[in-house]
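Peer 1: Here's a sequence, model it:
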Amino acid sequence: MRRIKTFSIACITTLALITGTAHAEPSVQAWKDGPKSAVSARDFIPTPSNEEAYTERYTFSVDLDGGGWIGTYLTISNLGVGDKHAAARVRIQLPDRDKEFQYFQRVGQEAWSSSSATLDLEVAAVRLATKGEKGFTIELDDPDSGVKMELEFKNELARWKPGNGRVDVEDGYLAYGMLAPRASVKGRVFIDDKWHDVTSTRRAFGDHTATNLAPYVLGTRFSRFRVFDKAMGIAWREFKLGEKYGGRSITWMLVGYKNKIVFADASANLRTGRVSKDGQTGYNIPYAVQIDGKDGKDQVKMVLRGSRMKRTDLLESYGTFARVVAGAVSKPYRYDFPCDYTIQMNIGGATATVK
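Peer 2: Got it, this is the predicted structure:
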């Protein structure tokens, strides 16, 4: 089955009005502005703080050979009820099983742990741990359902960060990095009283985000796209800063070929087209996006065109308390666009077009 490629845009309106006297253009240090450094597993160790909006999130997506999918999400946050609380979520859809298995557990600070020496994080029944220089493992052992999962990730593309891995504004930051821009996975899942072997050939992904700013304060739009196409992997992310920070768009772009990152631009340019107003939410929604990137003499242009969109009210997935709190200050929606894409590349003197 051909998996439809989508790009996603999350839009957030801040309902509270910010008033005050005029001031100079706010200082923003983007991905490209800081010094680059080698990326190691230690860079992804959680660093909890006492700041009200502190949040760290680990996201892993595995497209299984033969169909099916596994998603794992670990979050540590001060937002909502309780400081340094954590949550673990696992979704498993095996190719030979009709029903999706879901695990979710939210715990207090005393029910999760992390090593200070390397990435080894345990939240409730889920454990994420480094394994060697090019891999890591994810394990689930749920005592309530009896379901177990053992996955070993082997990176096909090296760990990576856009530029210095941070965007800094006057009163906060956003940090981002990929534990696995592209990986293969081998493992097994115990469910329905038996073990199921699972594999993913070069179609797994994992990343990490940390911030001390609430999303509706940091930005008004967050956009993303990722595709694994034969030997090539392509990804970009963009967010538009809130007016408090000048309202500029910040974008990075990455291209991997086989087992090597061949192009990366931490200051790519995003342009939108075919903009239409959503009558339900009032947001102006682009059905086309163009990303232009440059890395020395190398250049990449990517155009995505969507014919329809799926709207999701993000508040509907929140618990009652979180929905009331978040709904008082923001109106977050996600838009997913199944799309056709064309990427034109001039890398290392070679020119190629992929559609």
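Peer 1: For the stretch 251-355 of the chain, which segments count as helices?
Peer 2: In the stretch 251-355 of the chain, the helices defined using DSSP state H, counting those that start in this stretch lie at 320-327.
Peer 1: where does it dip in pLDDT?
Peer 2: 319-325 (pLDDT under 70).
Peer 1: swap the cut-off to 90 and go again
Peer 2: Applying pLDDT under 90 to the stretch 251-355 of the chain flags residues 307, 314-330, 355.
Peer 1: What lies in contact with stretch 278-294?
Peer 2: Contacts to stretch 278-294, defined as Cβ atoms under 8 Å, 6 or more residues apart in numbering, come from residues 7, 9, 11, 13, 223, 225, 236, 238, 251, 253, 263, 265, 268-277, 299-307, 309, 311, 331, 333, 335, 337. Where C-beta positions appear, they are placed from N, C-alpha and C, glycine not excepted.
Peer 1: Give me the buried stretch members for stretch 50-64, please.
Peer 2: The neighbour-count check on stretch 50-64 (16 or more other Cβ atoms under 10 Å) flags Ala53, Tyr54, Thr55, Glu56, Tyr58, Thr59, Phe60, Ser61, Val62, Asp63, Leu64 as buried.
Peer 1: Where in the protein is the helix or strand with the lowest mean pLDDT?
Peer 2: Among the helical and strand segments of the chain, the one scoring lowest on mean pLDDT, DSSP states H and E is helix 320-327, with a mean of 68.
Peer 1: Which of the contacts of stretch 278-294 are buried? Put it as a PyMOL command.
Peer 2: Buried residues among the contacts of stretch 278-294 (16+ other Cβ under 10 Å), as a PyMOL selection:
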select buried, resi 7+9+11+223+225+236+238+251+253+263+265+268+270+272+299+300+301+302+303+304+305+306+309+331+333+335+337
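Peer 1: what about Asp278, distance to Ser330?
Peer 2: As judged by Cβ to Cβ, to the nearest Å, Asp278 and Ser330 stand 16 Å apart.
Peer 1: higher neighbour count, the two?
Peer 2: Ranked by neighbour count (other Cβ atoms under 10 Å), Asp278 and Ser330 place Ser330 first, with 19 against 14.
Peer 1: The more buried one bridge partners, please.
Peer 2: As for beta bridges, Ser330 partners with Thr14 under DSSP bridges.
Peer 1: surely Ala326 meets Glu316?
Peer 2: No - counting by Cβ atoms under 8 Å, Ala326 sits too far from Glu316 to count as a contact (11.1 Å).
Peer 1: The two: which is more packed in?
Peer 2: Neighbours were counted for Ala326 and for Glu316 using other Cβ under 10 Å; Ala326 has more, 20 against 7.
Peer 1: how close does that one get to Ser114?
Peer 2: Distance of Ala326 to Ser114, computed by Cβ to Cβ: 27 Å.
Peer 1: what's the answer for Glu52, then?
Peer 2: Noted for Glu52: a distance of 21 Å to Ser114, by Cβ to Cβ.
Peer 1: now Ala264
Peer 2: Using Cβ to Cβ, Ala264 is found at 29 Å from Ser114.
Peer 1: out of the two, which sits in the busier spot?
Peer 2: Taking other Cβ under 10 Å, Ala264 and Ser114 do not tie; Ala264 has more neighbours (22 against 18).
Peer 1: Not counting sequence-adjacent ones, nearest residue to the more buried one?
Peer 2: Nearest residue to Ala264, sequence neighbours excluded (Cβ to Cβ, 6 or more residues apart in numbering): Leu254, at 5.2 Å.
Peer 1: likewise Lys240?
Peer 2: Distances taken as Cβ to Cβ, 6+ apart put Arg221 closest to Lys240, at 4.1 Å, once the chain neighbours are dropped.
Peer 1: could you say which helix or strand contains that neighbour?
Peer 2: Assigned by DSSP states H and E, Arg221 belongs to strand 219-229.
Peer 1: what's that strand packed up against?
Peer 2: Other helices and strands packing on strand 219-229, by 3 or more Cβ pairs under 8 Å, 6 or more residues apart in numbering; DSSP states H and E, are strand 6-11, strand 194-211, strand 232-241.
Peer 1: Nearest to Val167, out of those strands?
Peer 2: Proximity to Val167 (Cβ to Cβ) singles out strand 232-241 among the helices and strands packed on strand 219-229, at 8.2 Å.
Peer 1: quick one, phi/psi of Thr281?
Peer 2: Torsion angles at Thr281 (phi, psi; degrees, to the nearest 10) stand at phi -110, psi -20.
Peer 1: What are the buried residues along the strand holding Arg221?
Peer 2: Buried residues in strand 219-229 (16+ other Cβ under 10 Å): Gly219, Thr220, Arg221, Phe222, Ser223, Phe225, Arg226, Val227, Phe228.
Peer 1: Same question for stretch 111-129.
Peer 2: For stretch 111-129, the neighbour count (16+ other Cβ under 10 Å) marks 112, 114, 119-129 as buried.
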